[in-house]
Structures are given as structure tokens and as C-alpha cells.
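Q: Return atomic coordinates for the entry below.
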Amino acid sequence: ILRGSTETEGKETVFTVTENSTVKYTNTLKSYPVKFIKIDQAGNAGVVAATFNLVNSTGKYNLGTNLQAYDNAGSNGVFYTSDDTYEPLYAGYTYTLTETFTESGYLGLDGPVTIKVSGDKNAPFTISDPRVTAEWDNTNKVWIFEVKNLEEKDISIVKALHDPLLTQRTFKFRWSYKFDSNLDNSIDPDTEIFSGTFTLSPISGSTAGTKLTIPAGATDLVIEELYEDSGSDKYAWVKNVYDTKLQLNSETATEGYSYTIRYVDTAATITFTNTRKTVPVTVRKKVVGEGGTFNFEALLSYSSAISNYTLNDRGTTDTTADDLITGTDGKAPFTLSPARNGEDTIILSVPYGANLNVTETSTGAFTTSVQTGTDPAQAGITTGQLTITDPVTITFTNSGVTIAPTGYSVTNTPYMWIFILGILIIAGMNVPFFFWKNKRRKEEQE
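A: From the prediction side, this is the model:
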């Protein structure tokens with residue numbers, strides 16, 4: 001300021017010296033009017049509630065504590081404005097912005113954000129987090145700071161179990177996803193790929209579940225049920241014992257162990273359903289001779305008898321009245337009716353790993369043998385306890401036992417006739433000798 005003149009901006013002044021003069025330089029610390037606004041992922045203000053602290057970390061004093069951003073349109077998301085109450089940001093200082101509360105469903109700032117202020121008129125701010133940006137509003141002559149909260153989406157994982165042999169079982173899952181947390185359009189493999197594991201233990205006939213909270217915009221979210229042996233994880237039994245289906249929300253279920261969501265932009269539910277496999281067991285009745293109706297009994301068990309289990313639905317899945325269902329003792333009676341020199345069969349649907357014992361309870365006038373798979377046939381009427389893990393055919397073969405006039409069964413009759421024939425032959429050979437001897441005795445008497 002030249003004495004007697006108007007103050008002007010600048011570092012240099014030019015004047016003509018005509019008298020004693022005084023030049024006064026006044027240095028004022030540069031300051032920047034600011035307004036802080038809370039926005040959501042789409043850039044909308046007034047929809048996310050949050051609380052902040054703003055600290056002058058150079059001067060070590062608070063500019064504002066518990067600054068509130070409200071989730072209503074009237075607030076416009078503004079939580080700090082430099083005015084008579086709140087000061088502007090000054091060049092040469094560093095400020096710290098900390099989000100202390102974030103509304104549920106949104107991902108707050110990872111930690112304190114530093115804002116370094118320089119004297120650069122066009123770009124005075126250096127900000128440590130890309131989710132906080134500053135832009136000059138030339139209309140209102142203020143720097144607008146937008147603090148972006150990313151949405152979070154709940155991904156629910158549900159495990160359903162259908163197992164007639166076990167009450168409860170524990171299954172293990174692993175998950176992973178990619179997230180561009182610093183918004184630089186690239187994925188850092190060391191810091192922006194996230195992963196973990198969890199277990200679910202549903203009760204048979206029911207479900208168990210958990211929830212993963214994933215940032216909106218995450219990519220390649222993979223949820224996988226373990227189904228192989230790997231290191232200390234021994235889960236090959238999942239693949240061997242169960243059929244597994246996956247279902248996203250209400251879409252059609254598909255077979256598999258892994259589901260991938262390429263881009264997370266909405267909440268979702270992924271259901272894994274494990275159903276114990278069933279193994280077909282064919283029971284065949286063969287007869288040699290007359291046919292008829294033969295009674296059988298199937299006993300199904302595991303650690304104890306398995307009751308109320310459908311071994312055969314008689315081809316009518318919608319009707320249970322004629323189904324072959326085990327009783328409280330695990331037993332299910334059935335009949336087979338082969339024709340003469342023929343056979344009849346039934347297929348039992350047995351849970352994988354269950355124990356099965358099939359017995360013929362009325363053989364009639366027959367001898368019976370039992371053959372399991374390709375094993376040699378054995379005389380008897382029962383299979384004994386079989387552990388079912390592969391399809392198998394059980395064959396009961398009956399040979400007719402006919403009662404001959406002799407009173408002996410046909411199986412003994414040939415031997416009886418041979419015995420009788422032998423006696424007749426011996427007797428026939430002795431007849432001439434008997435007559436010769438008798439004649440000689442008479443001659444001697446004469």
C-alpha cells in the first residue's frame with residue numbers, strides 16, 4: 001500500500017517519487033472457503049447418514065467434532081461449511097478428516113484422510129483418499145469437498161441338508177472377491193483381493209446360513225463349497241456322498257459346488273442344497289418250476305433302524321399310499337410274483353452308505369439260494385447286512401421240491417429208485433439159485 005493510495009494485490013509497485021513515501025506490504029495467509037458434502041456411490045447427496053471429525057493436524061486443534069451428515073434431501077449432505085462458525089482451510093497446513101460413524105449398508109472411509117493445503121491457486125489440495133475429492137464452485141465461490149461412501153451389499157449363503165442317515169453335518173466354504181478400493185481402475189493383487197472361509201452346520205431337513213457384506217462394485221465374487229481333500233481339509237466325502245445343487249435367489253437350481261457373481265450391485269441369496277445320494281438295489285426272484293407269490297422283507301439301518309424311508313415309490317411320485325416305506329423298526333415287507341420258470345424284480349432306492357438286509361420270509365416248497373452281485377450263490381434265505389455304496393443285484397433262486405408217491409421229495413426220489421432197482425437185480429440173480437437148490441432138496445428126499 002502506497003500511503004494515500006488504495007490497497008492492491010501484488011508483490012511489486014511502481015510509482016514516481018516526489019516526496020517522502022511509505023510502501024507497506026501486508027502478507028495474509030492464504031485461505032480457501034470450503035463446503036464438505038456427503039454423497040453415496042451414485043453421487044447423490046442427503047441419502048447417507050454419517051459423522052465426522054475435522055482436525056487441523058498442523059495446528060493441532062479441532063475445526064469440528066461430531067459433524068453430522070444427515071440422510072435427508074433437505075440437508076443436501078452438507079456437514080461442514082466455512083463461515084462465521086467454521087474457519088476455511090489455510091495454505092501450508094495439513095488437515096485430517098475422520099469418519100466416526102457410517103449408516104448401515106454403506107462402506108465408510110478406511111481411516112483418517114489427510115488434506116494437505118498449498119498455495120497453488122488452481123490445485124491447492126492434496127488428498128490421501130480418492131473417495132474424497134475437491135472441486136471449485138465458481139458460482140458460489142467455494143471449494144466443494146465430496147466425501148463418497150460406497151454401498152455395501154449383503155450376500156447371504158444358505159446351506160440346506162437332506163440326509164436320512166445323519167441328524168447334522170458340518171460343511172466348509174471359501175470365498176473371494178476383487179475390489180478397486182482406491183478407485184484407480186486397477187486391482188492390486190496384494191491389497192485388493194479379499195478372501196476367507198466359513199463353515200455351516202445344518203440339521204437334516206433344515207437350513208443354516210451366514211451373510212457376507214461385500215462392497216458394491218466388487219467383481220468376481222466366488223462362493224465355493226469344499227468337496228475334495230486338500231491338506232488338512234478332508235471333504236471328498238461331500239462329492240462321494242451327496243448330490244449338490246446351487247440356486248441364486250429364486251432362479252432354477254443347477255448342479256455344482258461353486259457360484260460366481262461377476263459384478264456385485266445388489267443383495268443376493270445363494271443356496272447350496274446337499275441331498276444324500278441314493279443307490280439302486282435290484283432284488284430279483286427266480287424260480288425253477290412252478291411260479292407264485294413270495295414274501296420278502298427289507299431291513300434298512302445305519303447307526304440304528306431307518307424309519308419312514310421310501311424304498312420304492314411304485315412309479316407314482318405324487319401318491320404315497322402304495323409306496324414301499326420302512327416302518328419304525330426299519331423294515332419294509334414286499335412281494336415278488338414270478339411266473340413258472342420265470343422271474344420278477346423290484347428296485348430299491350437305498351441311501352448311499354446305508355446298511356441293507358433282504359430276507360425271503362416264505363419260500364414254500366422250494367430250496368433257496370441267494371446271490372449278491374457277482375459273488376457265488378449261497379444256500380439260504382437272507383443276504384445278511386450289506387453296506388450299499390454301488391448298484392447291486394440280489395438274486396433269490398428257488399428250485400421246486402415235488403413230493404413223489406414214495407413220500408420222499410423229488411430231490412431224493414432218484415436215489416430211492418436206484419436203491420429199489422438194486423434190490424430187484426439182486427433178487428433176480430438169486431431166483432435160479434433158489435429153484436435149483438429147492439429141486440435138489442426134493443431129489444434127496446426121494
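Q: Just the pLDDT for Gly315.
A: We have a pLDDT of 73 for Gly315.
Q: and what of the one 4 residues further on?
A: The predicted local confidence for Thr319 comes out at a pLDDT of 66.
Q: Relative to the whole chain's centre, how far out is the longest strand anywhere in the chain?
A: Ranked by residue count, the top strand of the chain under DSSP state E comes out as strand 150-162. Centre-to-centre, strand 150-162 and its host chain are 10 Å apart (Cα atoms, centre = their mean, to the nearest Å).
Q: now swap in stretch 162-170 and tell me
A: 15 Å.
Q: what's it in contact with?
A: 161, 199-205, 242, 273-276, 302-303, 306, 309, 351, 353-354 (Cβ atoms under 8 Å, 6 or more residues apart in numbering). (Glycine included, C-beta is placed from N, CA and C.)
Q: Tell me who's in contact with Tyr25.
A: Lys11.
Q: That one should be in a helix, yeah?
A: No: Tyr25 is assigned coil when assessed by DSSP: H, G, I helix; E, B strand; the rest coil, not a helix.
Q: Just give me the residue right at the centre of this protein.
A: Phe272 (3.4 Å; Cα atoms, centre = their mean).
Q: Confirm for me that that one is in contact with Val158.
A: Yes: when contacts are counted by Cβ atoms under 8 Å, Phe272 is listed as touching Val158 (7.1 Å).
Q: rewinding a little: report the rounded mean pLDDT for the longest strand of the chain.
A: In the prediction, strand 150-162 has an average pLDDT of 96.
Q: CA atoms only: put that strand into PDB for me.
A: Extracted C-alpha coordinates of strand 150-162, given in PDB (Å, rounded to 0.1, in the frame of the first residue of the first chain):
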ATOM      1  CA  LEU A 150     -19.700 -46.800  -1.200                       C
ATOM      2  CA  GLU A 151     -22.700 -49.000  -0.800                       C
ATOM      3  CA  GLU A 152     -22.400 -52.500   0.700                       C
ATOM      4  CA  LYS A 153     -24.500 -55.400  -0.400                       C
ATOM      5  CA  ASP A 154     -25.400 -58.400   1.700                       C
ATOM      6  CA  ILE A 155     -24.700 -61.800   0.100                       C
ATOM      7  CA  SER A 156     -26.500 -64.500   2.100                       C
ATOM      8  CA  ILE A 157     -25.200 -68.100   1.800                       C
ATOM      9  CA  VAL A 158     -27.700 -70.800   2.800                       C
ATOM     10  CA  LYS A 159     -26.900 -74.500   3.300                       C
ATOM     11  CA  ALA A 160     -29.800 -77.000   3.100                       C
ATOM     12  CA  LEU A 161     -29.300 -80.600   4.000                       C
ATOM     13  CA  HIS A 162     -31.400 -83.700   3.200                       C
END
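Q: What residues of it count as buried?
A: Leu150, Glu151, Glu152, Lys153, Ile155, Ile157, Val158, Lys159, Ala160, Leu161 (16 or more other Cβ atoms under 10 Å).
Q: cool, stretch 158-176 as well?
A: Quick answer for stretch 158-176 (16+ other Cβ under 10 Å): Val158, Lys159, Ala160, Leu161, Asp163, Pro164, Leu165, Arg169, Phe171, Lys172, Phe173, Trp175.
Q: Stretch 191-202 now?
A: Glu192, Phe194, Leu200, Pro202.
Q: distance between that stretch and the chain's centre?
A: Worked out by Cα atoms, centre = their mean, stretch 191-202 lies 12 Å from the chain centre.
Q: With just CA atoms, put it into CSV.
A: In CSV, the C-alpha atoms belonging to stretch 191-202 read as follows (Å, rounded to 0.1, in the frame of the first residue of the first chain):
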residue,chain,number,x,y,z
THR,A,191,-4.3,-55.3,-1.2
GLU,A,192,-7.4,-55.5,-3.3
ILE,A,193,-8.2,-59.2,-3.5
PHE,A,194,-10.1,-60.4,-0.4
SER,A,195,-10.8,-64.0,0.7
GLY,A,196,-11.8,-66.1,3.7
THR,A,197,-13.6,-69.3,4.8
PHE,A,198,-16.5,-70.2,6.9
THR,A,199,-18.5,-73.3,8.0
LEU,A,200,-22.2,-74.1,8.2
SER,A,201,-23.8,-77.0,10.2
PRO,A,202,-27.4,-77.5,9.1
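Q: Show residues contacting that stretch.
A: So stretch 191-202 is contacted by 157, 159-161, 168-182, 187, 208-210 (Cβ under 8 Å, 6+ apart).
Q: where's Asn230 relative to Tyr70, distance?
A: Not Asn; residue 230 is Ser. 50 Å (Cβ to Cβ, to the nearest Å).
Q: what's the answer for Phe145, then?
A: Distance from Phe145 to Tyr70, by Cβ to Cβ: 17 Å.
Q: Between the two, which has more neighbouring residues?
A: More crowded of Phe145 and Tyr70, by other Cβ atoms under 10 Å: Phe145, with 23 against 18.
Q: who does the more buried one bridge with?
A: Phe36, Ala134 (DSSP bridges).
Q: and stretch 365-378, what's its mean pLDDT?
A: For stretch 365-378, the mean confidence score works out to 90.
Q: What residues of that stretch count as buried?
A: Phe366, Thr368, Ser369, Val370, Gln371, Thr372.
Q: Can you tell me which of those residues comes closest to Lys116?
A: Nearest to Lys116 among these is Thr372, at 82.3 Å by Cβ to Cβ.
Q: Next up, the contacts around the closest one.
A: Applying Cβ under 8 Å, 6+ apart, the residues contacting Thr372 are Thr383, Leu386, Val392, Ile394.
Q: ok, the residues you listed vs Asp322, which is closest?
A: Ile394 (22.1 Å).
Q: Settle this for me: that closest one is touching Pro280, isn't it.
A: No: look at Ile394 against Pro280 with Cβ under 8 Å: they stay out of range, at 11.4 Å.
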